[in-house]
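Q: predicted structure and sequence below. I'll ask about it afterward.
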Amino acid sequence: MQISQLIKSLPKAELHLHIEGTLEPELMFELAQRNNIQLPYASIDEVRKSYEFHDLQSFLDVYYLGASVLRTRQDFFDLTFAYLEKAHEDGITHTEIFFDPQTHTKRGVLFEDIIMGIADALAKGKEEFAISSYIIMSFLRHLSEDDAFEVLELAKPYYKYIKAIGLDSAEVGNPPEKFKNVFAKALDLGFLTVAHAGEEGPAENIRNSLELLKVQRIDHGVNCVQDDKLLEELIYKKIPLTICPLSNIKLKVFQHMKEHNIRDLYLKGACVTINSDDPSYFGGYLADNYFECQRHLNFSFIELIQIAKNSFRASFLSEEEKLLKM
Ligand code: HPA
Ligand code: ZN
C-alpha cells in the first residue's frame with residue numbers, strides 16, 4: 001500500500017480546523033450566486049490564484065472576504081457537510097471545529113442560523129460517517145473584549161452545542177491578556193478553553209494563554225522554541241500543540257517544510273498533533289498534512305501513528321471514548 005493510502009487508513013482526530021477555512025472556491029461561487037453576492041473574482045481559477053499569502057494578515061483579508069458568501073442556515077450546513085465528506089475520506093473519526101460567529105453576525109447573519117446549520121451537518125456526519133465532533137466558538141482577537149462578551153451572551157440559548165471557547169485572527173498586537181475577563185466568564189460557565197498562540201506571536205503569548213486563559217491546548221504554538229523553560233514545561237505537563245504544517249508554510253511562518261520544527265518538537269517529547277487549519281486556502285486537508293510531514297521531515301509511519309494517537313489523547317473526548325477511538 002502507498003504511504004498516502006496508509007495515512008488515510010489511520011484513524012485520526014482533527015483538532016484545529018476553521019470551518020470557514022474549508023470553503024472551496026466552487027462552493028464559494030455557488031453560494032455567491034444563491035445569495036446574490038458580487039465577488040471580486042471572475043472565475044474559480046482566479047480565486048485560487050489569489051491564494052498567495054505573505055503572512056497571517058494577508059490570508060485573513062482573503063478569508064474574511066470568502067466567508068461573506070455564507071448567509072443562511074443551509075449555507076452553513078452545506079459548508080460543514082462538504083468538510084465532513086472530505087474528513088471521512090481522510091480517515092478522520094473525530095473532529096473539533098472552530099467557527100467565528102463575529103465574522104457573520106457583523107454582516108447581519110443570525111447566530112441561530114450559523115450554529116444550527118453547523119450542528120445539523122455534524123449530526124448528519126455522525127449518522128452517515130460515524131464521525132464524532134465538538135464545536136469550538138472562537139472570538140476574533142482583533143475585535144474588543146466587549147465584543148467577545150456580546151457574542152458569549154448571544155450564544156446563550158445554544159450553549160449545549162458548544163464545547164469550548166477559542167481565540168483566533170491577528171495574533172500580533174492582540175495578546176491573550178486582552179481577553180482575560182471574557183475567558184474567566186467562559187470558564188465559569190463550564191466551557192473548556194483553547195487559544196491560537198505562538199503562531200506569529202511570541203512564546204510569551206503561549207505562557208499567558210496557559211496562565212491567564214487556562215487553555216487546555218495551544219493552537220499552533222510553534223514559537224514555543226523561543227523559550228527553553230516554556231518548552232520544558234509544555235513537555236512535562238503534556239500540553240498539546242495543534243500544529244498546522246501546510247498553514248505555516250503558506251503563511252511563511254517557515255519558508256519550507258524541511259525547516260518546520262514539528263519533528264524536533266516531537267523528538268523532544270512534546271505532545272504534537274497534525275491539523276489542517278484552513279485546508280481550502282492552504283493546499284491540503286488532513287491526510288495531505290500528514291503526508292507532507294512524512295515526505296519532507298522523514299517521519300516514519302510508526303511516528304505518524306504516535307501523532308494520530310496524540311490527536312485522540314489531546315481531544316475533548318472522555319477517557320473512555322478516547323480508548324475506543326484510538
Ligand atoms: N490563525 C489565526 N486566525 C485564523 C487562522 C490562523 O491560522 N485561521 C483562521 N483564522
Ligand atoms: Zn487556526
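A: Perfect, I can see it now. Ligands and ions are numbered 1, 2, ... in the order given.
Q: going by C-alpha atoms from here, please, whenever you check contacts or count neighbours.
A: Will do.
Q: measure L192 to ligand 1 for me?
A: 19 Å (C-alpha to the nearest ligand atom, to the nearest Å).
Q: identify the residues contacting that residue.
A: K163, A164, I165, A186, V215, Q216 (C-alpha atoms under 8 Å, 6 or more residues apart in numbering).
Q: who's in contact with the fifth one?
A: This points to V215. V215 touches L192, T193, V194, A195, S209, counting by C-alpha under 8 Å, 6+ apart.
Q: top of those residues by neighbour count?
A: Within these, most neighbours by other C-alpha atoms under 10 Å means S209, with 28 neighbours.
Q: that one should be in a helix, yeah?
A: Yes: read with DSSP: H, G, I helix; E, B strand; the rest coil, S209 is one of the residues of a helix.
Q: what's the neighbour count on the closest residue to it other than its chain neighbours?
A: In this structure, S209 finds its nearest non-sequential neighbour in P176, 5.6 Å apart by C-alpha to C-alpha, 6 or more residues apart in numbering. P176 is flanked by 24 other residues according to other C-alpha under 10 Å.
Q: how close does P176 get to ligand 1?
A: Per C-alpha to the nearest ligand atom, P176 is found 13 Å from ligand 1.
Q: now do the phi/psi pair for that residue.
A: Torsion angles at P176 (phi, psi; degrees, to the nearest 10) stand at phi -60, psi -30.
Q: so who does it touch?
A: Contacts for P176 were tallied using C-alpha under 8 Å, 6+ apart; they are A195, N205, N208, S209, L212, L213.
Q: next up, the contacts around E204.
A: Going by C-alpha under 8 Å, 6+ apart, E204 touches G198.
Q: that one: which element?
A: Using DSSP states H and E, E204 maps to helix 203-212.
Q: in that helix, what counts as buried?
A: A203, E204, N205, I206, R207, N208, S209, L210, L212 (16 or more other C-alpha atoms under 10 Å).
Q: want to throw those into CSV with pLDDT and distance to P25?
A: Converted to CSV, those look like this (pLDDT from 0 to 100; distance: C-alpha to C-alpha, whole Å):
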residue, pLDDT, distance to P25
A203, 98, 35
E204, 98, 36
N205, 98, 33
I206, 98, 33
R207, 98, 37
N208, 98, 37
S209, 98, 34
L210, 98, 36
L212, 98, 38
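Q: of all of this structure, which residue lies closest to ligand 1?
A: Closest approach between the chain and ligand 1, counting by C-alpha to the nearest ligand atom: S169, at 3.3 Å.
Q: what about that residue, how many residues nearby?
A: Neighbour count for S169, taken as other C-alpha under 10 Å: 18.
Q: pretty sure it sits against P175.
A: No: S169 is beyond contact range of P175, at 10.9 Å (criterion: C-alpha atoms under 8 Å).
Q: shared neighbours of those two, which are they?
A: Between them, S169 and P175 share these contacting residues under C-alpha under 8 Å, 6+ apart: R141.
Q: just the endpoints, please. Distance across stretch 194-206?
A: 11 Å (C-alpha to C-alpha, to the nearest Å).
Q: so how far is C271 from P11?
A: Distance of P11 to C271, given as C-alpha to C-alpha: 17 Å.
Q: more neighbours, the two?
A: Set side by side, P11 and C271 show more neighbours around C271, with 25 against 19, by other C-alpha under 10 Å.
Q: picking that back up, close to ligand 1, is the helix holding E204?
A: No: with C-alpha under 6 Å from any ligand atom as the criterion, ligand 1 is not reached by helix 203-212; the gap is at least 13.1 Å.
Q: so how far is whatever helix or strand comes next after that helix off the chain centroid?
A: For helix 203-212, the following helix or strand on the C-terminal side (DSSP H and E) is strand 217-220. From the chain centre to the centre of strand 217-220 is a distance of 9 Å (C-alpha atoms, centre = their mean, to the nearest Å).
Q: show me which residues of the stretch 1-150 of the chain sit near ligand 1.
A: Counting by C-alpha under 6 Å from any ligand atom, the stretch 1-150 of the chain sits next to ligand 1 at H18.
Q: distance check, F312 against P279.
A: Note on F312: its distance to P279, by C-alpha to C-alpha, is 20 Å.
Q: relative to M257, which of the buried residues of helix 203-212 is nearest.
A: Of all the buried residues of helix 203-212, M257 sits closest to A203, with 21.0 Å by C-alpha to C-alpha.
Q: the closest residue to the closest one other than its chain neighbours: neighbouring residues, count only.
A: The shortest distance from A203 to any non-neighbouring residue, by C-alpha to C-alpha, 6+ apart, is to C224 (4.9 Å). Look at C224: counted by other C-alpha under 10 Å, it has 26 neighbours.
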